[in-house]
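[1] With the sequence up front, the predicted model follows.
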Amino acid sequence: MILVMLTVAMIILALAMLACLFRLLKGPTRSDRVAALDTIGIHVLAMITVFSMLLDTQDFIEVILVIGILTFIGTTALARYIERGAVIEDGGNPNDR
């Protein structure tokens, strides 16, 4: 029974990822594309988790953590780029300090 539920979860996650991929490609604004990319990262993380449960192993915990951290950093960097036009500021004019 649990095997069927986990398989259904994988199918639902794959369909949700396809919907996010559509939004990533067709998004009218950059904000929509960033949100879709973040959601795809979360779906990948969830799929690896379900796959780990299917295999009944804990070997993927480090991979899940790394993907979570990279998704957060990537979303933060893209949001900062959209807001300010640069991810890392150069410090501006030295006379302004």
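    That came through fine. Numbers count the residues shown, from 1 in each chain.
[2] if I look at Asp59, how far off is Met53?
    Distance of Asp59 to Met53, computed by Cβ to Cβ, to the nearest Å: 12 Å. Heads up, the C-betas are built off the backbone N, CA and C, glycines and all.
[3] Likewise for Leu18?
    Applying Cβ to Cβ to Leu18 and Met53 gives a distance of 22 Å.
[4] Asp59 and Met53: which is more packed in?
    The residue with more neighbours, out of Asp59 and Met53, is Met53; 17 against 8, by other Cβ atoms under 10 Å.
[5] The more buried one touches Met5, doesn't it?
    No - applying Cβ atoms under 8 Å as the test, Met53 and Met5 come out as separate, 9.8 Å apart.
[6] Where does pLDDT dip in the protein?
    91-97 (pLDDT under 70).
[7] tell me, what residue is most central in it?
    In the chain, the residue lying closest to the centroid (Cα atoms, centre = their mean) is Gly41, at 2.1 Å.
[8] Appreciated, that's everything.
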